[in-house]
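Engineer: coords please:
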Amino acid sequence: MIPQEKLTAIIDRLQAVETEMSQVSDADDIVRLSKEHAELKPVAEAAQILTTARDDLGAAEEMIAGDDPDMAEMAREELAELKEKIPALEHELQLMLLPKDKADNAPVILEVRAGTGGDEAALFAGDLFRMYQRYASTRGWRVEVISATESGVGGYKEIQANVSGDNVFGRLKFESGVHRVQRVPETETQGRIHTSAATVAVLPEPEDVDIEINESDLRVDVFRASGPGGQSVNTTDSAVRITHIPTGVVVSQQDEKSQHKNRAKAMKVLRARLYDAERARIDAERSAERKGQVGSGDRSERIRTYNFPQSRVSDHRINLTLYKLQDMIEGGPAVDEMIDALILQDQTDRLADLESNE
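Structural biologist: All right, here's what the predicted structure looks like:
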């Protein structure tokens, strides 16, 4: 049960923020207060609804104890409704009060790679990337391709992109893992269903204060880029390979003609991978006893299957199946439906952990 003092403090804080917003003129203060107000308002509204329900419960109990039998009968009906309603309100507010992941608002590096399945896996990797690209568009996010290796059939062997906007990592963080597709490939002449896979990684971009990289820990190699790209691609040492010696993480970039730009891109990806590895390590430690939960930190597990013949998409972590595959693959509302379910399950898991440790 959430103490009433805590509910009152939340409601009072919202009023204080609103008062301060009407008085300040400094741009930084306005931004800071506006952000706090946006985060606090739905929580304070839920706290007010719960407070009102508790007050109504107390009033109903007083009426039952009173001398008016008709009023007492009405109060008993209201009391039964409130006793059923209040636990649900408390649970909803507890979820809202869970500690926020500080990386939720961070931009991300989205990596999609073809897995098992040859050309069909590359085509599926392309489908997945376009799904996220369209979904990003519906949310007003910006997608900028960092590097891409196309396959000969129109998909991607691998593609990396920077995705920026509001709450990007918060919405995409549970997409990391192995995605499997079951369908009849375009190259299949006998109509047989094939199973292929692609891997997705969603890496939050750290701020400078989040992770520190020492130059002495890096080995930087430059070499001539390969593949199409104009006369200068194969004649200058513009491609860059950076190895982070302590961890063995290797990042290569060759899409730009400038060595400086390739190095900057490579460092951006390296920082994101190191930050993600540290987050995964912490997640794995926390989830050692709860591997079945959504936020387990296991990036190699098969998380979702897209079955085209049955027009269904199934997430294996939460046992949710949607018969909306076309809408999903087109980046439509089904993507939000799936993501919302994953976020709710993660919140429920974390709340259970919190309660078990109290």
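Engineer: going forward, measure contacts and count neighbours with C-alpha atoms only.
Structural biologist: Will do.
Engineer: ok, which stretches of the stretch 101-250 of the chain are strands?
Structural biologist: With DSSP state E, counting those that start in this stretch as the criterion, the stretch 101-250 of the chain has strands at 108-114, 142-150, 156-164, 177-183, 194-204, 218-223, 239-244, 249-253.
Engineer: Tell me which residues of the last one come out buried.
Structural biologist: The neighbour-count check on strand 249-253 (16 or more other C-alpha atoms under 10 Å) flags 250-253 as buried.
Engineer: before we move on, the earlier item: reformat the strands of the stretch 101-250 of the chain as a markdown table; add mean pLDDT and distance to residue 85.
Structural biologist: A markdown table is the format used below for the strands of the stretch 101-250 of the chain (pLDDT from 0 to 100; distance: least, C-alpha to C-alpha, whole Å):
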| stretch | mean pLDDT | distance to residue 85 |
| --- | --- | --- |
| strand 108-114 | 94 | 39 |
| strand 142-150 | 93 | 41 |
| strand 156-164 | 94 | 39 |
| strand 177-183 | 95 | 38 |
| strand 194-204 | 93 | 38 |
| strand 218-223 | 87 | 58 |
| strand 239-244 | 90 | 54 |
| strand 249-253 | 89 | 52 |
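Engineer: From the chain's centroid, how far away is the lengthiest helix in the chain?
Structural biologist: For the chain, the helix that runs over the most residues, judged by DSSP state H, is helix 27-64. Between the centre of helix 27-64 and the centre of its host chain there is 27 Å, according to C-alpha atoms, centre = their mean, to the nearest Å.
Engineer: packing partners for it?
Structural biologist: Judged by 3 or more C-alpha pairs under 8 Å, 6 or more residues apart in numbering; DSSP states H and E, the packing partners of helix 27-64 are helix 4-21, helix 69-96.
Engineer: Lowest mean pLDDT across those helices, which one is that?
Structural biologist: Ranked on mean pLDDT, the bottom entry among the helices and strands packed on helix 27-64 is helix 69-96, at a mean of 91.
Engineer: Turn the strands of the stretch 101-250 of the chain into TSV, including distance to residue 34.
Structural biologist: Listed next are those as TSV, based on distance: least, C-alpha to C-alpha, whole Å:
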stretch	distance to residue 34
strand 108-114	24
strand 142-150	23
strand 156-164	20
strand 177-183	35
strand 194-204	24
strand 218-223	41
strand 239-244	40
strand 249-253	39
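Engineer: now the helices and strands packed on helix 27-64 in CSV, with mean neighbour count and distance to residue 339?
Structural biologist: Listed next are the helices and strands packed on helix 27-64 as CSV, based on neighbours: other C-alpha atoms under 10 Å; distance: least, C-alpha to C-alpha, whole Å:
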stretch, mean neighbour count, distance to residue 339
helix 4-21, 15, 28
helix 69-96, 15, 16
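Engineer: I'd like those written out as CSV, with distance to residue 328 added.
Structural biologist: Shown next, in CSV, are the helices and strands packed on helix 27-64 (distance: least, C-alpha to C-alpha, whole Å):
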stretch, distance to residue 328
helix 4-21, 38
helix 69-96, 27
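Engineer: out of those helices, nearest to residue 63?
Structural biologist: helix 69-96 (5.4 Å; C-alpha to C-alpha).
Engineer: and among the strands of the stretch 101-250 of the chain, the most buried is which?
Structural biologist: Mean neighbour counts were taken over the strands of the stretch 101-250 of the chain using mean count of other C-alpha atoms under 10 Å, and the top value, a mean of 26, falls to strand 108-114.
Engineer: And stretch 185-196, what's buried?
Structural biologist: Residues 185, 195-196 are the ones in stretch 185-196 that count as buried (16+ other C-alpha under 10 Å).
Engineer: just the CA coordinates of it, formatted as PDB?
Structural biologist: Output of stretch 185-196 as PDB, limited to C-alpha atoms (Å, rounded to 0.1, in the frame of the first residue of the first chain):
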ATOM      1  CA  PRO A 185      11.100 -17.200 -50.400                       C
ATOM      2  CA  GLU A 186      10.800 -15.500 -53.800                       C
ATOM      3  CA  THR A 187      13.500 -17.900 -55.100                       C
ATOM      4  CA  GLU A 188      11.500 -21.000 -54.000                       C
ATOM      5  CA  THR A 189       9.900 -22.700 -57.000                       C
ATOM      6  CA  GLN A 190       8.100 -25.500 -55.200                       C
ATOM      7  CA  GLY A 191       6.200 -23.400 -52.600                       C
ATOM      8  CA  ARG A 192       8.100 -24.700 -49.600                       C
ATOM      9  CA  ILE A 193       8.200 -22.600 -46.400                       C
ATOM     10  CA  HIS A 194      11.700 -21.700 -45.300                       C
ATOM     11  CA  THR A 195      12.900 -20.500 -41.900                       C
ATOM     12  CA  SER A 196      15.500 -17.700 -41.800                       C
END
